[in-house]
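Chemist: Give me the fold of what follows.
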Amino acid sequence: IENSKRADRMIQDLLDATLARAGERIHLKLSQCNLLDIALAVSNSLAVTYGDRFKIVGEEAVGIWSPDALTRALENLCINAVKYGDQDTPIT
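Modeler: Okay, the predicted model is just below:
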């Protein structure tokens with residue numbers, strides 16, 4: 001199920017990139033969310049594939065954002081950190 005969700009997010013990333021290149025607005029669904037909760041969820045999700053390399057440090061930050069867009073962005077950053085970072089260094 002998690003892999004299917006990740007594949008869906010990748011497709012959404014491609015669609016968003018296509019819209020941006022065409023000069024169109026990316027439609028975001030805004031809602032109240034907590035950035036710390038999103039970071040923890042992404043870390044837990046990616047730990048299944050990449051192990052316990054992720055260390056979340058921070059405080060709650062509640063605001064009106066797009067949880068889906070933030071999740072996709074954080075997943076991309078974390079995956080890039082795994083690919084290009086030192087394998088022996090935790091990703092914080």
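
Chemist: For this protein, just list every one of the strands.
Modeler: For the chain, the strands defined by DSSP state E occupy 31-34, 62-65.

Chemist: hey, C-alpha coordinates of the first one in CSV?
Modeler: In other words, strand 31-34. Taking Å, rounded to 0.1, in the frame of the first residue of the first chain, the C-alpha atoms of strand 31-34 are listed here in CSV:
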residue,chain,number,x,y,z
SER,A,31,-5.5,22.5,5.4
GLN,A,32,-4.3,22.9,9.0
CYS,A,33,-1.4,20.5,9.6
ASN,A,34,1.6,20.0,11.8
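
Chemist: Buried residues, that strand. List them.
Modeler: Cys33 (16 or more other Cβ atoms under 10 Å). Where C-beta positions appear, they are placed from N, C-alpha and C, glycine not excepted.

Chemist: Which residues outside that strand are in contact with it?
Modeler: If you take Cβ atoms under 8 Å, 6 or more residues apart in numbering as the criterion, strand 31-34 is touched by Glu60, Ala61, Val62, Gly63, Ile64, Trp65, Ser66, Pro67, Leu70.

Chemist: what does stretch 57-70 give?
Modeler: So stretch 57-70 is contacted by 9, 12, 26, 28-39, 92 (Cβ under 8 Å, 6+ apart).

Chemist: picking that back up, let me have the strands of the chain in JSON lines, adding distance to Arg53 and mean pLDDT as columns.
Modeler: Below are the strands of the chain laid out as JSON lines (distance: least, Cβ to Cβ, whole Å; pLDDT from 0 to 100):
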{"stretch": "strand 31-34", "distance to Arg53": "23", "mean pLDDT": "96"}
{"stretch": "strand 62-65", "distance to Arg53": "25", "mean pLDDT": "96"}
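
Chemist: Next, format those as CSV and append distance to Gly51.
Modeler: Output for the strands of the chain, formatted as CSV (distance: least, Cβ to Cβ, whole Å):
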stretch, distance to Gly51
strand 31-34, 25
strand 62-65, 28
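
Chemist: If anything else comes up later, I'll come back, but that's it for now.
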